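1. take this sequence and fold it.
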Amino acid sequence: MTAPARGPAPPGARPQAGPGAMAALLSMPAEKSLNFKASSVRLLKMLRPHRLLVFTAIVCGAISVGLTVLGPYLLGKATDVIVGGVVTRDLPPNLTNDQVVAQLEQSGRGELADLVRHVDATPGQGVDFDKLGHVLVLAVGVYALSAVFSLVQQRLAIAVVQHLVYRLRQQAQAKLERLPLRYFDSPPSGEEA
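-> Reported below is the predicted structural model:
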């Protein structure tokens with residue numbers, strides 16, 4: 001069963017929603033500001049009373065991003081603790097890492113010797129769950145702190161934007177109130193009375 005073919009839409013009809021409508025909307029050229037520099041300067045002047053909030057939001061955002069980047073580093077350290085414990089679990093205890101590395105190199109197990117040389121673990125002990133727990137708690141704390149700074153940054157940005165929109169609406173209303181009544185009574189250009 002096929003869908004019925006659509007003819008051209010009658011004048012004044014609303015366009016149908018769908019993928020075609022979205023494609024048409026996205027293919028429209030973006031409007032450019034007539035004077036971007038002047039508009040930007042006016043916007044920055046309007047933000048001047050809120051510069052402390054804007055600065056604080058930027059700092060909170062930077063701290064949040066920094067902590068978010070630190071999180072995977074800490075998770076990598078936790079992985080190192082696990083791998084080090086698994087690799088050195090079956091090695092002879094009561095020896096230092098250097099002594100174990102020397103024994104492994106003498107027995108021709110150079111790859112394992114290189115791995116043991118670069119891990120921070122005690123031979124024969126296995127996974128150090130206390131150390132692993134400390135690293136994971138630190139990682140959770142870093143992620144939680146990052147979320148708090150991100151939340152503060154978002155709240156500050158929302159407050160600044162709402163104040164700015166409120167002021168813009170006040171200015172638009174004041175301008176509309178100043179316009180003479182004949183401005184609203186006269187027909188728009190291009191239309192006949």
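
2. domain ranges for this structure, per the record?
-> Under the assignment automatic domain parsing, the domains of the chain span 51-82+127-178, 90-125.

3. remind me, longest helix of the chain?
-> Longest helix of the chain, by residue count under DSSP state H: helix 129-178.

4. then the next helix or strand after that one to CSV, C-alphas only?
-> Downstream of helix 129-178, the first helix or strand assigned by DSSP states H and E is helix 181-185. Output of helix 181-185 as CSV, limited to C-alpha atoms (Å, rounded to 0.1, in the frame of the first residue of the first chain):
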residue,chain,number,x,y,z
LEU,A,181,0.2,56.0,18.1
ARG,A,182,0.3,56.8,14.3
TYR,A,183,3.3,54.4,14.0
PHE,A,184,0.9,51.5,14.9
ASP,A,185,-2.0,52.9,12.9
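
5. tell me the pLDDT of Asn94.
-> Looking at Asn94, its pLDDT is 73.

6. mind checking which helix or strand of this protein has the lowest mean pLDDT?
-> Least confident helix or strand of the chain, by mean pLDDT, DSSP states H and E, is helix 19-27 with a mean of 66.

7. element containing the spatially most central residue of the chain?
-> Taking C-alpha atoms, centre = their mean, the centroid of the chain lies closest to Val65, which sits 7.7 Å from it. According to DSSP H and E, Val65 maps onto helix 51-88.

8. could you do Asp90 as well?
-> Per DSSP H and E, there is no helix or strand for Asp90.

9. Ile58: what's it in contact with?
-> Gln153 (C-beta atoms under 8 Å, 6 or more residues apart in numbering). All C-beta atoms are positioned from the backbone trio N, CA, C, and that covers glycine.

10. please report how far it lies from Ala113.
-> As for Ile58, its distance to Ala113 is 49 Å (criterion: C-beta to C-beta, to the nearest Å).

11. what about the spatially closest residue to Val83 that is not a sequence neighbour, how many residues nearby?
-> Nearest residue to Val83 in three dimensions, chain neighbours excluded: Val119, at 6.6 Å (C-beta to C-beta, 6 or more residues apart in numbering). Residues lying near Val119 (other C-beta atoms under 10 Å) number 17.
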